[in-house]
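Novice: Structural data only, the sequence is not supplied:
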Ligand SMILES: N[C@@H](CCC(=O)N[C@@H](CS)C(=O)NCC(=O)O)C(=O)O
């Protein structure tokens, strides 16, 4: 099986997580930003993640890919319902998180933007979606004033969440993305949670390149 991803992409991370939890033998292909041809050739549209299954079929919806790979073998990880309070937290704050992470992602070190052309394509794609990225960066203090108190509220919720289940495919990609934001303050339980899941899923946090 082969998984086509962007390294920065929180949706792609869901698929990487289940592959990591289950130690699945998956080949990875990082698609360059601006490369429309490859995904369109595979699935007829520009979207990631894409899973090329062993039977030759393709899947494009991240949570469907998670379920498909989870069904592959025991133990199962994408089980139970999403924790209600953590799911509500994710829904309420994902907008603010996206506004913090998008301009920083465009300045960071990911394989899909390792050429000038690809980085420019990424900036163009995100500018089209969010408007001028410098304006988003300038609003950092406002977004931080929203997200840091929210992270304090999240800390006890994560302390009580000790298993791996569907909840993690919702909350961890947001937190891994947020780890690129230098001024985001994570509580002790949240840090512990992020390290636990990153280790189990064999994925990186972005703390080293936080801006
Ligand atoms: N619903 C999709 C959303 C995936 C998604 O939005 N992926 C982004 C990459 S982060 C994408 O494909 N963007 C279009 C593009 O690259 O132009 C899923 O969960 O798989």
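Specialist: On my side now, so go ahead. All values derive from a computational prediction rather than experimental measurement. Numbers count the residues shown, from 1 in each chain.
Novice: from here on, contacts and neighbour counts on C-alpha atoms
Specialist: Fine.
Novice: Over to residue 3. Which of the three states is it?
Specialist: strand (DSSP: H, G, I helix; E, B strand; the rest coil).
Novice: Tell me how many other residues crowd it.
Specialist: Neighbours of residue 3 under the rule other Cα atoms under 10 Å: 24.
Novice: who touches it in this structure?
Specialist: Applying Cα atoms under 8 Å, 6 or more residues apart in numbering, we find residue 3 in contact with 26, 27, 28, 29, 49, 50, 51, 52.
Novice: Kindly state the pLDDT recorded for the spatially closest residue to the second one that is not a sequence neighbour?
Specialist: Meaning residue 27. With sequence-adjacent residues excluded and distances taken as Cα to Cα, 6 or more residues apart in numbering, residue 27 is closest to residue 2, at 4.6 Å. Note for residue 2: predicted pLDDT of 98.
Novice: Report the beta-bridge partners for residue 2.
Specialist: residue 27, residue 52 (DSSP bridges).
Novice: how many other residues sit next to it?
Specialist: 16.
Novice: doesn't residue 105 fall inside a helix?
Specialist: Yes: the assignment for residue 105 is a helix, going by three-state DSSP.
Novice: Touching, it and residue 8? I think so.
Specialist: Yes: using Cα atoms under 8 Å, residue 105 is in contact with residue 8, at 6.9 Å.
Novice: Break this protein into its domains for me.
Specialist: 2-71, 84-209 (automatic domain parsing).
Novice: want to throw the ones you listed into TSV with distance to residue 77?
Specialist: Shown next, in TSV, are those (distance: least, Cα to Cα, whole Å):
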stretch	distance to residue 77
domain 2-71	7
domain 84-209	5
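Novice: Now tabulate those domains in CSV and tack on distance to the ligand.
Specialist: Listed next are the domains of the chain as CSV, based on distance: least, Cα to the nearest ligand atom, whole Å:
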stretch, distance to the ligand
domain 2-71, 3
domain 84-209, 7
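Novice: picking up where we left off before, for the residue nearest to residue 27, give me its contacts.
Specialist: Contact analysis of residue 2 by Cα under 8 Å, 6+ apart lists 26, 27, 28, 29, 51, 52, 53.
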